[in-house]
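K.L.:
Pasting the sequence and the predicted model now:
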Amino acid sequence: MKNQNFSDDFLAAAARLCYIDRIPQQEVARMLNVSQAKVSRLLTLARKRGIVQISVSEYDPRCNDLESQLRKQFDLQDIIVLKTLGDSQDKNPAQGIGYFGSKQLFDYLKPNIKLGLAGGRTIMHVINGLLTMQVPANLTAVQLMGNVGSTPSPTDASELGRKLTTQTGTFMALNAPIFVKDKAFKQNLLQHEQIKSVMDAYSSIDIALVGVGIPENSIFASQNAISPQQINELRAKGVVGEICGHFFDKNGNECENEFKDQVISIELSSLRKISKVFAVVSSGDRSEAILGAIKGKLINALLIDETSAENLLNLTQKEINGV
């Protein structure tokens, strides 16, 4: 008998036995006098005909209480705190945060918008999530930082921008390494017409997505762009965090360090002028860096996981109490 000749009543019986009575498919097959493989096809057909309709309770991915606490504590434009999925001890919730975060950020993306993009693991998952939706027409993605390695990583801003604008929009690529050999080389490179055109575009960016790293845990450390010795030296100079290759102290001021005159990326002074800069973070060990970025007005919006939010609030309370 062909599948399309199964009656709705027969399909309903199969669905009832499997889904309501929870009888194993092998036993259902014997009861209906069909093969076990045919039971799976019956259930698929039942869904197609609307006999089986799946209902899932509404899920709110946001932690509204934590968002309210952060609003009281900080003068930020937008705050999105997302629930950490699975084990609360998970140290890398980036994929879940990126997926649900993309749904929240989508509403900010209007036609003809100019979006600044840094690199990073969580931002990569955000971009992947955005690609499951219809990207607004005429979106322009602007690369905020140079390439970390000679072989582009999936987390590099260059790869993320190209991916986001493949179907629609324009990508302005910053075709340069993130760090060059010295200040003189940097100054010469910044005069190159291709580099200059991207740098000029920074003044008209509507929204920027940036990561907030720490010396030990950043896109540079993961790709061996900075050495363990350099990490120790950065810490010794008072560095608590990093955005787009710029290393800053607890008040958000760029520290004197060997990379300051070698980095090819948006300057922190230019970042401060962008109307909306989202810090996209999904790791609980960066509260000091996030707090420094807020104090220095390097960011004015947050997309973070609940563990990061809790750590940030705890750190702030300690500062208030003078601990």
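P.N.:
On my side now, so go ahead.

K.L.:
Would you mark the buried spots in stretch 303-310?
P.N.:
Buried residues in stretch 303-310, counted by 16 or more other Cβ atoms under 10 Å: 303, 304, 305, 306, 307, 308, 309, 310. In this view, the C-beta of every residue, glycine as well, is placed from N, C-alpha and C.

K.L.:
Check stretch 248-257 too.
P.N.:
Buried residues in stretch 248-257 (16+ other Cβ under 10 Å): 248, 249, 250, 252, 254, 255, 257.

K.L.:
what's the residue lying closest to the second one once chain neighbours are set aside sitting at in phi/psi?
P.N.:
When you say that, I think you mean residue 249. Leaving aside its chain neighbours, residue 249 sits nearest to residue 238 (4.6 Å; criterion: Cβ to Cβ, 6 or more residues apart in numbering). For residue 238, the backbone dihedrals (degrees, to the nearest 10) come out as phi 90, psi 10.

K.L.:
Check the one 3 residues further on too.
P.N.:
According to degrees, to the nearest 10, the main-chain angles of residue 241 amount to phi -160, psi 170.

K.L.:
Tell me how far the nearest residue to it once chain neighbours are set aside lies from residue 240.
P.N.:
Nearest non-adjacent residue to residue 241, counting by Cβ to Cβ, 6+ apart: residue 289, 2.7 Å away. Going from residue 289 to residue 240 by Cβ to Cβ, to the nearest Å gives 5 Å.

K.L.:
ditto for residue 197
P.N.:
33 Å.

K.L.:
Neighbour count: those two, which is higher?
P.N.:
Set side by side, residue 197 and residue 240 show more neighbours around residue 240, with 24 against 11, by other Cβ atoms under 10 Å.

K.L.:
Which segments of the chain make up each domain?
P.N.:
Domains of the chain are assigned by automatic domain parsing as 3-48, 64-320.

K.L.:
Adding mean pLDDT and distance to residue 54, write these out as a markdown table.
P.N.:
Shown next, in a markdown table, are the domains of the chain (pLDDT from 0 to 100; distance: least, Cβ to Cβ, whole Å):
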| stretch | mean pLDDT | distance to residue 54 |
| --- | --- | --- |
| domain 3-48 | 91 | 8 |
| domain 64-320 | 91 | 19 |
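
K.L.:
Just put the ones you listed in a markdown table and tack on distance to residue 56.
P.N.:
Listed next are the domains of the chain as a markdown table, based on distance: least, Cβ to Cβ, whole Å:
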| stretch | distance to residue 56 |
| --- | --- |
| domain 3-48 | 14 |
| domain 64-320 | 15 |
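
K.L.:
Out of these, which one sits most buried?
P.N.:
Mean neighbours per residue, mean count of other Cβ atoms under 10 Å, is largest over the domains of the chain for domain 64-320, with a mean of 19.

K.L.:
what residue is smack in the middle of the protein?
P.N.:
Geometric centre of the chain, nearest residue: residue 123, 2.9 Å, by Cα atoms, centre = their mean.

K.L.:
That residue against residue 279, yeah?
P.N.:
No: contact between residue 123 and residue 279 fails when scored by Cβ atoms under 8 Å: they sit 10.3 Å apart.

K.L.:
Which residues are in contact with each of those two?
P.N.:
Counting by Cβ atoms under 8 Å, 6 or more residues apart in numbering, the shared contacts of residue 123 and residue 279 are 210, 211.

K.L.:
So residue 304 versus residue 66, what's the distance?
P.N.:
For residue 304, the distance to residue 66 - Cβ to Cβ - is 9 Å.

K.L.:
any shared contact partners between the two?
P.N.:
Joint contacts of residue 304 and residue 66 (Cβ under 8 Å, 6+ apart) are residue 81.

K.L.:
The residue nearest to the centre of the chain belongs to a strand?
P.N.:
No: applying DSSP: H, G, I helix; E, B strand; the rest coil, one finds residue 123 to be helix, outside a strand.

K.L.:
residues touching it, list them.
P.N.:
The contact partners of residue 123, by Cβ under 8 Å, 6+ apart, come to 98, 117, 155, 160, 209, 210, 211, 280.
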